[in-house]
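# Everything below, folded, please.
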Amino acid sequence: MLGNLKICLTLGLGLIQTAKAMPAFAPPPSVSGWVRNGEALYFQTNDKDNAVVSVKIMENGTLGQAHSFYTNGTGASMISAATNMTTSPDGLSSQGAIAVVGHNIFVVNAGDNTVSMFSIDEEDPANITLLGAPAAVPGDFPVTVAASALNNLVCVGTSGTRSGVACAPYSPFVGIGKMDFLRPFDLDQSETPVGPLDTVSQVLFSDDETKLLVTVKGAPAMGKTGFLAVFPVTGQCLTGEAKVAASRIESTLNGTVALFGFEQIANSNRYFVADAGYGAAIISVDENTDSSQLLHKQVISDQKATCWAAISPATNSVFVTDPLVNHIVEMSLIDASITSVINTTTTNDATGYIDLTAAGNFVYFLSPGTTQGSGAEIAVLSVGEGQSKKIIQSFNLGSLAGSSAQGLAVYP
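Next up is the predicted model:
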């Protein structure tokens, strides 16, 4: 107990000093010098027999050998409201279908309402090991997962009839414990949701791991505006047993349509969030009240569904993708303005990209493959200092994954 208290006080003093040193709305710090490249990428196939595909990242940022590891869970895709058929690609309509925290990987299994956990081999990060059995989630159709290493907590968002968020403790060496309870959202959904609107987009722990944030898409035709929900994380220090609160602060952000993938902007209380309705935005979350407000909104004129966002430490900017427009858009972390657009028609056989992640001098983009049944691909975008931004590799996964592929995460 005393050990936990000392850790708590040390962390608390550090956070207070950081908060005093950095104003809430200060521009993100500039990036200079060396940035660490990733060692492995991971995504899920979202097939009936769901699997995690790991891909080795070479020293020059390009991709090498790929491997597949079953989750012992079942993948599934939601129903498209436009066609009343199974959605493909982007069957989960989420960011964070797979997450890397520390030396562990977490992945949702939408078809059987479970979440799986793997350990990562530090000597060979492309080699991963399933830990225990998949944990049952008390909700329908899990689509997104986040974990907190500080609190040893994993939380899952679900989009079906029983929609909401549930959490469980985990051990980095054993696996996931029992999920607690569903913190419900008022979504008018079936067991297999009809989307993409009116569904959960992403769960994410704040950088200091004291809050769990959730983006939920609106449904304009039903008179619903999307919202950001913030759940406090309590009990980390005094009890040694962290818990995500049952209640939340829910902020409806007028001017948004379908809040989707998001990331926290370093050393601030601001978040960059993609919005499939128009482009992207920057929002703030009050540290004391947990309420949110819209700070900047940017329309991407030729977009159809801007859904995923990843901040690059090398460029100090954010990249967003669209599954229906074959381009990559770079945006400012200051005001969400567009700084560059990269046309990818010649390097991507599909219509766009369905997730992305950044590491070191590179950004990686997952393409679901074409409707003709070709394998999924991962594009490697070089963004190093003094270099022109260009795709240097399009890595085909062949038979390992196809149009159901979802999520993209990097180690470390």
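# how about the helices in this structure?
For the chain, the helices defined by DSSP state H occupy 2-21.
# Contacts only, for the closest residue in space to Ser94 that isn't next to it in sequence.
With sequence-adjacent residues excluded and distances taken as C-beta to C-beta, 6 or more residues apart in numbering, Ser94 is closest to Val143, at 3.9 Å. In short, each C-beta sits where N, CA and C put it, glycine included. Shown in contact with Val143 (C-beta atoms under 8 Å, 6 or more residues apart in numbering): 92-94, 97, 108, 110, 157-159, 199-200.
# likewise Val154?
106, 115, 117, 145-148, 167-170, 176.
# By mean pLDDT, point me to the weakest helix or strand of the protein.
helix 2-21 (a mean of 36; mean pLDDT, DSSP states H and E).
# ends of stretch 135-151, how far apart?
With C-alpha to C-alpha, to the nearest Å as the measure, stretch 135-151 spans 18 Å from end to end.
# on that earlier part again, in PyMOL, how would I select the buried members of the contacts of Val154?
A single PyMOL command is used to select the members of the contacts of Val154 judged buried by 16 or more other C-beta atoms under 10 Å:
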select buried, resi 106+115+117+145+146+147+148+167+168+169+170+176
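# ok, of the contacts of Val154, which one's closest to Val244?
Nearest to Val244 among the contacts of Val154, counting by C-beta to C-beta, is Cys167 at 4.7 Å.
# Next one: that closest one from Ser148, what distance?
9 Å (C-beta to C-beta, to the nearest Å).
# where's Thr144 relative to Ala99, distance?
For Thr144, the distance to Ala99 - C-beta to C-beta - is 8 Å.
# How about Gly369?
Gly369 is 23 Å from Ala99, by C-beta to C-beta.
# Please apply the same query to Phe185.
Counting by C-beta to C-beta, the gap from Phe185 to Ala99 is 20 Å.
# residue boundaries of the strands in the stretch 201-350 of the chain?
Secondary structure of the stretch 201-350 of the chain, counting by DSSP state E, counting those that start in this stretch: strands at 211-216, 227-234, 243-244, 249-252, 259-264, 270-275, 279-285, 292-299, 308-312, 317-321, 327-332, 338-343.
# export the ones you listed to TSV and tack on mean neighbour count and mean pLDDT?
TSV is the format used below for the strands of the stretch 201-350 of the chain (neighbours: other C-beta atoms under 10 Å; pLDDT from 0 to 100):
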stretch	mean neighbour count	mean pLDDT
strand 211-216	26	98
strand 227-234	20	97
strand 243-244	20	97
strand 249-252	16	97
strand 259-264	25	98
strand 270-275	27	98
strand 279-285	23	98
strand 292-299	17	98
strand 308-312	25	98
strand 317-321	26	98
strand 327-332	22	98
strand 338-343	14	96
